[in-house]
Structure formats: C-alpha cells, structure tokens
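Colleague: Quick one: sequence plus predicted model below, questions after.
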Amino acid sequence: GPQWNLVSGNEGGGVRTGMWGLGLHWNGDGQARVHRKFAATPTQPNMQDFRNLEVWKKAHDLALDVQKTLGRTKRIDSHVRSQLSRATNSIAANIVEGCAKGSRLELARFSDIAIGSSSELEYWLLLTKDLGQLGPRDHERLTTSTIQVRKMLFGLRNAIKNGKSAKKRTSQPVVAVADA
C-alpha cells in the first residue's frame, strides 16, 4: 500500500539519534502511525538531526530545484527572483531551526512557519507563470513539489500537535502514537 516517512531510519520510520525522534508511517489500511524513540547522543543532546527528516530532504531538493531553475531562467524580474529564493530557502531553514530548538512543540511551530513559506512560494510561482517569466513545465514541476512538501509539513505538524490517537471526522487517516 502507499507509504511515506517524515523521518527516515528504521522500518517504523523512527530515528535513533537526538533527544527525540518522530516518524510517520502510512499503512495500506488508511492509518498513520507516529513512532517516537528516545535516545540522547553525546554529540547532539538537545536537538533532532534535521538531515533525518524526509520532509527536510524534500524541501532541500525543492530549494535546489528552484535555485537551478532561477539560474537558467533569466527573464524573471530581480525582485520576484529574490522573493522566490527567499520563500523556498525559508521552508528548509525553518525545519532546521525547529529541530535545533529541542522541543516537539517548537518543531511544530517552525513547521507552521514553513507551511506559510510554502504557500508564499506557490504564489510567487503562479505569478511568474502568469507574467510569462516561468514556463509551464517548470511551473508545474515546482508547484507539484511545493504542494508535496506542504502536505508533509502538515502531517508532521499535526502528528506533533495531536500527540495521541485522534480519529478524524473527515476522510483523513487515523493517527496513532506508538512509543518505542
């Protein structure tokens, strides 16, 4: 069935480094399981390693893709180019900053900020396409990646904020917490 992990690592999507690890694993039965593993390391006693987060990897790849696209697309206005760059870099940077705070609630707060940056990026991409400064293929690719990252950020934020099992009234999957 469909599956994705917000945190890479072992089979359950957890991570073994940092003060806490958080993974989200989508099962084929329409449920998501949140896995928490606690294992402090001497090198990073108070922070989650952002490099283990799949959402950070996707956001970083998006930032690289936007920067490469900006490098080969010379017709984008300098102000708009700056806004595109700032918004895309802000997504991954806020994930990093949230991880460095050493608190699940701070990571949720910085995930909210990254969600806002992803919405802003989506707007700037639309504007550049509508102005004829960004081709339809680049726009579609970058917008699709932006929306994918935002969905992952919503999943991370909601998993952190919900904490325990919570059944949704919508068609959203049930989120269950499994402490390791």
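Modeller: Cool, the structure landed. Since we're looking at a predicted model, the values are computed, not measured. Numbers count the residues shown, from 1 in each chain.

Colleague: Low-confidence stretches in this protein?
Modeller: Scanning the chain for pLDDT under 70 picks out 1-47, 164-180.

Colleague: And the strands in this structure?
Modeller: Assigned by DSSP state E, the strands in the chain fall at 21-26, 31-37, 174-179.

Colleague: Contact partners for L121?
Modeller: By Cβ atoms under 8 Å, 6 or more residues apart in numbering, the residues touching L121 are 66, 84, 87-88, 91, 146. Any C-beta I mention is one placed from the backbone N, CA and C, and that applies to glycine too.

Colleague: Closest to G132 out of those?
Modeller: Nearest to G132 out of these is L84 (Cβ to Cβ; 15.3 Å).

Colleague: What sits closest to the closest one if chain neighbours are left out?
Modeller: Take L84 and drop its neighbours on the chain: the residue closest to it by Cβ to Cβ, 6 or more residues apart in numbering is W124, 4.8 Å away.

Colleague: burial count for the closest residue to K58 other than its chain neighbours?
Modeller: The spatial neighbour of K58 that comes closest, neighbours along the chain excluded (Cβ to Cβ, 6+ apart), is V149 at 5.0 Å. Using other Cβ atoms under 10 Å, V149 is surrounded by 28 other residues.

Colleague: and if you look at G163?
Modeller: Close neighbours of G163, defined as other Cβ under 10 Å, add up to 13.

Colleague: Over to S78?
Modeller: 7.

Colleague: Please apply the same query to G155.
Modeller: By other Cβ under 10 Å, the residues close to G155 number 21.

Colleague: now swap in H79 and tell me
Modeller: 8.

Colleague: Quick check: the residue lying closest to A63 once chain neighbours are set aside vs E106, distance?
Modeller: Nearest residue to A63, sequence neighbours excluded (Cβ to Cβ, 6+ apart): T88, at 4.8 Å. For T88, the distance to E106 (Cβ to Cβ, to the nearest Å) stands at 22 Å.

Colleague: Tell me which of those two has more neighbours.
Modeller: It is T88, of T88 and E106, that has more neighbours when counted by other Cβ under 10 Å, with 30 against 15.
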